[in-house]
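Trainee: Provide a 3D model corresponding to the input given below.
(2 chains)
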Amino acid sequence: MIKLSGLRLAFDTGFLLAVDSLKVRAGEVFAIIGPNGAGKTTLLNAMAMLVRPAAGNLEIMGQDALAAANKLPLRRAMAAVFSQPYLINDTVFNNVALPLRLRGRMDAAAVREALELFRIAHLSERNGRTLSQGESHRAALARAFVTRPKLLLLDEPFASLDERVKESVIQDLRKVIKLSGAAVVLVTQDQAGALTLADTLAVLVGGRILQQGQPQEIFSRPVCKEVADFVGVETILPGRVSANSENLCSVEAGGHTLMAVSGCAAGDSVFFCLRPEDISVSLNADAGGRRNNFKARVAGVAPWGLQYKVELDCGFTAQAAVTKQLVDGLGLKPGAEVYASFKATAAHLIKRNL
Amino acid sequence: MEFIIEGFRKALHIILSGNPEVLSIARLSLTVSLAATALAVLAGVPLGSWIAVKKFPLKKLVIAMVNTGMGLPPVVAGLVVMLFLARSGPLGFLNWLYTPKGMIIAQFIIALPIITALSISAMQNVDPKFYNQILALGASDRQAVWVCLKEIRLTMVAAVIAGFGRLVAEVGAVMIVGGNIRHQTRMLTTATVMETQMGNFDMAIAIGLVLLALGFAVNLALTLIQQNKVLAR
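Mentor: From the prediction side, this is the model:
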């Protein structure tokens, strides 16, 4: 559906967006995540043909989008939704009808259908500027979907929504995407949203795609420290593989020998990575079969979403996610003596170049 | 003091009795200034939008020139138009000197930079992201500009009000190009100047009042259009 290669886009500020290869198939939801200023929006704008790259190829629906003399037919095969809904100062109905009117094929039934898909039919006569945030985002999505685009580009479409509204919008959006079979490119900082919607994930940092693949793969097996940092790996320890016996590696890191399942060879310099939710905290020494078990001292306890994050000093510093129940039950507070354990399969090694 | 009160009393009498000469002068003033404003809108809004949206070399210089044009002295505009329309001038064959057509041209030249400059700034005030959003919904450049113009209609009507206000009050250009010929090119402003110079203060006051009333009526109409469907704040 959309294919780009060798894309280069330079800015006066010295920032360079360089994407070597990216491909989105029909029916696929492709999410691009990355920190602020990574170039996500620029990349999306290039796909929407709103900015012209300095070099590279962009193919949309089998056509060379950069060479096309008339870009309008290609632009009319897609639709984009940005973090702000940018509704026109008119009724919701006329807002959603706008793309059809621009194409000279107004179809009131299609407008009503789009309004119903996003559950805003009852607002159709209201002025778009008087809607709540959630409602106006639904209107923006309905407006993008009304033409049945083959390619849908979403730039932080939920950024300004509160959690509950966001969840319901995401659920509706997922339903509609599956129904429409459109290729979707979703740019977001919201990892949960990306995980819920995406078939494929790409991590963009500093203008480069550092990793792309299945979301679970990226979250549990980041290929480099930057990606690990961004996807929420909180414990990253530099270390060295001392032995590898049938992919069970012993890693010297943080003054301990840590066990991890990995293909790294003895002698490799690595980062030893652990997600906070993979670390168990308990009061007794029984690790329940986990290969890594350390005596630790609680260094800090802080709320973290619906859970708590416990900073553990095991000779190295590790961050563990713990439920409120457990914090209360174990009496976790700074200074408390506990045991921290994790499976060798939960740990992940990233080779590092010295 | 007395002559002022007396002037106003007589002026009211002239207006209320529907003096045919004052009426025909008012009609001509209205026609010329409205026509010039309309032409300036037809040319200036697309021109201003184009300048605002397009990237081209020396864009800032062009905008600076248009902005300067907002302050164009009407007498200079009138002089230039007169030189062009004069019998031996390049457009002398039109025979438009000392006609309402000539005055419309002169006033058009005064209003064009105003409408253009205000269109540029209004369009440049549109969030580029909004413009991109409209493009991303499948609009051509022209359609996107049209959608934006509808979004900024408040400001655009204000531009029309500013343009018309300048024209209906303007005296220098129509004096030079029209010549203040009775029953042909006499405007409310040129008539006021003439009557004042001749010491006919009652007539001058009457015409001045009509001028004010006319300006108010047109602006009221435009304001009603502008404020229609404006969201309450």
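Trainee: what's the distance between A:Pro222 and chain B?
Mentor: Applying Cβ to the nearest Cβ, to the nearest Å, one obtains 32 Å for the distance of A:Pro222 from chain B. From N, CA and C alone the C-beta is placed, and that goes for glycine too.
Trainee: pLDDT score assigned to the closest residue to A:Arg126 other than its chain neighbours?
Mentor: The shortest distance from A:Arg126 to any residue other than its chain neighbours is 5.5 Å, reached at A:Val92 (Cβ to Cβ, 6 or more residues apart in numbering or on different chains). Per-residue confidence (pLDDT) for A:Val92: 95.
Trainee: what does B:Pro100 give?
Mentor: 96.
Trainee: pretty sure B:Ile110 sits against B:Glu170.
Mentor: Yes: the criterion here is Cβ atoms under 8 Å, and B:Ile110 meets it with B:Glu170 at 6.3 Å.
Trainee: give me the common contacts of these two.
Mentor: A shared contact of B:Ile110 and B:Glu170, defined by Cβ atoms under 8 Å, 6 or more residues apart in numbering or on different chains, is any residue touching both; here these are B:Pro74.
Trainee: write out the residues of chain A neighbouring chain B.
Mentor: On the criterion Cβ under 8 Å from any Cβ of the partner chain, chain B has as its neighbours in chain A the residues A:45, A:48, A:50, A:72, A:75-76, A:78-80, A:82, A:84, A:86, A:88-89, A:98-99, A:102-103, A:127, A:129-130, A:143-144, A:147, A:153.
Trainee: what about these, which are in helices?
Mentor: Among the residues of chain A next to chain B, the subset assigned to helices under DSSP state H consists of A:Asn45, A:Leu72, A:Arg75, A:Leu98, A:Pro99, A:Leu102, A:Arg143, A:Ala144.
Trainee: these two touch, right, the fifth one and A:Met78?
Mentor: So that's A:Pro99. No: with contacts defined as Cβ under 8 Å, A:Pro99 does not count as touching A:Met78, sitting 10.6 Å away.
Trainee: one step back: now do the residue nearest to A:Arg126 against chain B, distance only.
Mentor: The spacing between A:Val92 and chain B, counted by Cβ to the nearest Cβ, is 14 Å.
Trainee: quick one: contacts of the helix or strand harbouring A:Leu141?
Mentor: In this structure, A:Leu141 is located in helix A:133-145 according to DSSP states H and E. Contact partners of helix A:133-145, identified using Cβ under 8 Å, 6+ apart, comprise A:79-82, A:85-87, A:92, A:95-96, A:98-99, A:114-115, A:117-120, A:123, A:128, A:131, A:152, A:157-158, A:160-162, A:165, A:168-169, A:172-173, A:176, A:180, B:137.
Trainee: same check on stretch A:43-52?
Mentor: For stretch A:43-52, contacts defined as Cβ under 8 Å, 6+ apart pick out A:2, A:4, A:7, A:9, A:17, A:19, A:32, A:42, A:53, A:58, A:60, A:65-66, A:71, A:74-75, A:78, A:80, A:151, A:153, A:155, A:185, A:187, A:204, B:132, B:135-136.
Trainee: equivalent analysis for stretch A:176-185, please.
Mentor: Counting by Cβ under 8 Å, 6+ apart, the neighbours of stretch A:176-185 from elsewhere in the structure are A:1-2, A:24-32, A:44, A:47, A:117-118, A:141, A:145, A:148-154, A:197.
Trainee: between the two ends of it, what distance do you get?
Mentor: 14 Å (Cα to Cα, to the nearest Å).
Trainee: and A:Gly213, its phi and psi?
Mentor: Note on A:Gly213: its backbone torsions stand at phi 170, psi -160 [degrees, to the nearest 10].
Trainee: just checking, A:Arg290 touches A:Ala340?
Mentor: No: in this structure, A:Arg290 is not within contact of A:Ala340 by Cβ under 8 Å, at 9.7 Å.
Trainee: which of the two has more residues huddled nearby?
Mentor: A:Ala340 (24 against 19; other Cβ atoms under 10 Å in any protein chain shown).
Trainee: now do the host helix or strand of the more buried one: distance to the chain's middle.
Mentor: Taking DSSP H and E as the definition, one finds A:Ala340 inside strand A:337-342. Going by Cα atoms, centre = their mean, to the nearest Å, the spacing between the C-alpha centre of strand A:337-342 and its chain's C-alpha centre is 30 Å.
Trainee: now stretch A:257-264
Mentor: Going by Cα atoms, centre = their mean, the spacing between the C-alpha centre of stretch A:257-264 and its chain's C-alpha centre is 27 Å.
Trainee: what's it in contact with?
Mentor: Applying Cβ under 8 Å, 6+ apart, the contact partners of stretch A:257-264 are A:237, A:239, A:241-242, A:244, A:247-252, A:270, A:272, A:291-292, A:344-345, A:347-349, A:351.
Trainee: could you check the angle helix A:133-145 makes with the top helix by length along chain A?
Mentor: Counting residues, the longest helix found in chain A (DSSP H) is helix A:163-180. Put simply, helix A:163-180 runs at 10 degrees to helix A:133-145, going by axes from the mean of the first three to the mean of the last three Cα atoms, to 10 degrees.
Trainee: what mean pLDDT would you report for the next helix or strand after helix A:163-180?
Mentor: Note on helix A:163-180: by DSSP H and E, the next helix or strand toward the C-terminus is strand A:183-188. What strand A:183-188 shows for mean pLDDT is 92.
Trainee: about what we covered before: just give me the closest of the ones in helices among the residues of chain A next to chain B to A:Val231.
Mentor: When those are compared for distance to A:Val231 (Cβ to Cβ), A:Asn45 wins out at 24.3 Å.
Trainee: how close does the residue in the stretch 151-300 of chain A positioned nearest to chain B sit to A:Ile170?
Mentor: Taking Cβ to the nearest Cβ as the measure, the point where the stretch 151-300 of chain A comes nearest chain B is A:Leu153, at 7.2 Å. Plainly put, A:Leu153 is 17 Å away from A:Ile170 if you go by Cβ to Cβ, to the nearest Å.
Trainee: related to what we said a few turns ago, how many other residues sit next to the nearest residue to the residue of the stretch 151-300 of chain A closest to chain B once chain neighbours are set aside?
Mentor: Sequence neighbours aside, A:Ala80 is the residue nearest to A:Leu153 in space, at 4.1 Å (criterion: Cβ to Cβ, 6+ apart). Here the number of neighbours of A:Ala80 (other Cβ under 10 Å) works out to 27.
Trainee: how about the contacts made by A:Ala80?
Mentor: The neighbourhood of A:Ala80, defined by Cβ under 8 Å, 6+ apart, consists of A:Leu44, A:Ala48, A:Ala144, A:Leu152, A:Leu153, A:Leu154, A:Asp155, B:Gln133, B:Ala136, B:Leu137.
Trainee: then B:Val53?
Mentor: Applying Cβ under 8 Å, 6+ apart, the residues near B:Val53 are B:Met123, B:Tyr131, B:Asp141, B:Val145.
Trainee: and the first one, that's in a helix?
Mentor: What that stands for is B:Met123. Yes: according to DSSP: H, G, I helix; E, B strand; the rest coil, B:Met123 belongs to a helix.
Trainee: hang on, it packs against B:Leu47?
Mentor: No: the pair B:Met123 and B:Leu47 does not pass the contact test of Cβ under 8 Å, sitting 10.8 Å apart.
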